[in-house]
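Novice: With the input below, show me the fold.
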Amino acid sequence: MLTFNSIDVETANADRASICQIGIVHVRDGEIEDQWQTLINPEDWFDPWNVSIHGIDENDVRNSPTLPEVRDELRHRLRESVLVSHTSFDRVAFERAMTRYDLEQLQVTWLDSARIARRAWPDIYGRQGWGLKNIAKNLSISFQHHDALEDARAAAEIVLHACAVSETDIEGWLQRVDRPIGSTPTARREGNVEGALYGETIVFTGALGIPRREASDLAATTGCNVVPNVTKKVSILVVGTQDRKKLNGYKKSSKHRKAEALIEKGMDIQILSESDFSKLIGVDLPNPPNERSQSSFRE
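Specialist: Residues are numbered from 1 along each chain as shown. Sure thing, here's the model as predicted:
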């Protein structure tokens, strides 16, 4: 069976709930049958950095529907389907946005096209370089990056390529993505090889609601390789509360700024709030401390 839907979103700022564009591609029997896109008024502010990435600003969405206003359309198109997204970004975005509006979560089965690529081509994407742009380039998929509909189409085509080379259908991939990448996995310091996020590399910045060591342990348990600094190998940056006194006049930490610089160069790094991190690993974490009580702040 090669029938599924693919989705991508763009956000107005670092809060995953601030969805400002949605793109959906419908694949039936291995062919793109239909597609749909809309701008969304996130009822939130637009970070200039996000605008520089996707080109959408307040004026573009001023007369656009809010997420609750397109909820019935989403239900009609997606309910009880297999829904592909590239990495966890879009899943977490919807979970956060639905919670913000007190809406029912999408009733779908999520399938990560990045995890598929890492298993279909383990020698190329097994450990790093599984960003949408990188994989699409290697597979000769032409698309306009950071346009939600274009990204959704690219993710769908990656899945179709993977199905072809591996002779595995969607049902097969739903089972395979939860297994380790390697055929003979061994214990690694970078994370639990049986974890759902095995292969991700994570960095923390700012003060968290739990001790940094505990957050690192949780991340490693779910499969993440926890490292102290942002490099090209990093795929996730978790941003806690920042102490303005230690930012040297900047609005963001040096790790945050470096991650954004790498993203602008084509690296696929997810920037998460602590709440997003909590959703990603499936653990309820306490609220982060405020800036006045950050004696344990570490960048």
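Novice: how much space between Ile24 and Leu106?
Specialist: From Ile24 across to Leu106, the span is 11 Å (CB to CB, to the nearest Å). For every residue, glycine as well, the C-beta is placed using N, CA and C.
Novice: so what sits against both of those two?
Specialist: Common neighbours of Ile24 and Leu106 (criterion: CB atoms under 8 Å, 6 or more residues apart in numbering): Leu78.
Novice: Which one's more surrounded, these two?
Specialist: Neighbour comparison, Ile24 and Leu106: the larger count goes to Ile24, with 24 against 20 (by other CB atoms under 10 Å).
Novice: Spell out the secondary structure type for that one.
Specialist: In three-state terms, and counting by DSSP: H, G, I helix; E, B strand; the rest coil, Ile24 is strand.
Novice: May I have the beta-bridge partners of it?
Specialist: When assigned by DSSP bridges, Ile24 has beta-bridge partners Ile7, Trp36.
Novice: That one: what's it in contact with?
Specialist: Contacts for Ile24 (CB under 8 Å, 6+ apart) come out as 5-7, 35-37, 77-78, 149, 152.
Novice: How about Asn50?
Specialist: Contacts of Asn50 by CB under 8 Å, 6+ apart are 10-14.
Novice: if we go to 7 Å?
Specialist: Taking CB atoms under 7 Å, 6 or more residues apart in numbering, we find Asn50 in contact with 11-13.
Novice: where does the stretch 151-299 of the chain dip in pLDDT?
Specialist: Confidence mapping of the stretch 151-299 of the chain against pLDDT under 70 gives the ranges 180-190, 245-246, 285-299.
Novice: Which residue ranges of it form strands?
Specialist: Counting by DSSP state E, counting those that start in this stretch, the stretch 151-299 of the chain has strands at residues 201-205, 225-226, 236-239, 270-273.
Novice: Now render the contacts of Asn50 as JSON lines, adding secondary structure, neighbour count and pLDDT.
Specialist: Listed next are the contacts of Asn50 as JSON lines, based on DSSP: H, G, I helix; E, B strand; the rest coil; neighbours: other CB atoms under 10 Å; pLDDT from 0 to 100:
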{"residue": "Thr11", "secondary structure": "strand", "neighbour count": "26", "pLDDT": "97"}
{"residue": "Ala12", "secondary structure": "coil", "neighbour count": "25", "pLDDT": "97"}
{"residue": "Asn13", "secondary structure": "coil", "neighbour count": "17", "pLDDT": "96"}
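Novice: which residues are contacting stretch 95-104?
Specialist: 16-17, 19, 67-68, 71, 105, 276, 279.
Novice: Ok, stretch 51-59 next?
Specialist: For stretch 51-59, contacts defined as CB under 7 Å, 6+ apart pick out 10, 20-21, 39, 46, 146.
Novice: List the buried residues in that stretch.
Specialist: Across stretch 51-59, burial judged by 16 or more other CB atoms under 10 Å covers 51, 53-54, 56.
Novice: From the residues you listed, pick the one nearest Leu83.
Specialist: The closest of the buried residues of stretch 51-59 to Leu83 turns out to be His54 (CB to CB; 20.8 Å).
Novice: filter the contacts of Ile24 to the buried ones?
Specialist: 5-7, 35-36, 77-78, 149, 152.
Novice: just to revisit the earlier point, any idea which of the contacts of Asn50 is the one closest to Asn248?
Specialist: Asn13 (22.3 Å).
Novice: Chain neighbours aside, what residue packs nearest to the closest one?
Specialist: Distances taken as CB to CB, 6 or more residues apart in numbering place Asp47 nearest to Asn13, at 4.0 Å, with adjacent residues excluded.
Novice: One more: Arg71?
Specialist: Arg71 sits nearest to Leu103 (CB to CB, 6+ apart), 5.8 Å away.
Novice: Residues contacting the lengthiest helix in the chain, please?
Specialist: Ranked by number of residues, the top helix in the chain under DSSP state H is helix 148-166. For helix 148-166, contacts defined as CB under 7 Å, 6+ apart pick out 2, 6-10, 21-25, 27, 30, 32, 35, 37, 84-86, 113, 116-117, 120, 132, 135-136, 139, 141, 143-145, 169.
Novice: In helices only, show me those residues.
Specialist: Counting by DSSP H, the contacts of helix 148-166 place 113, 116-117, 120, 132, 135-136 in helices.
Novice: This completes my enquiry, with thanks.
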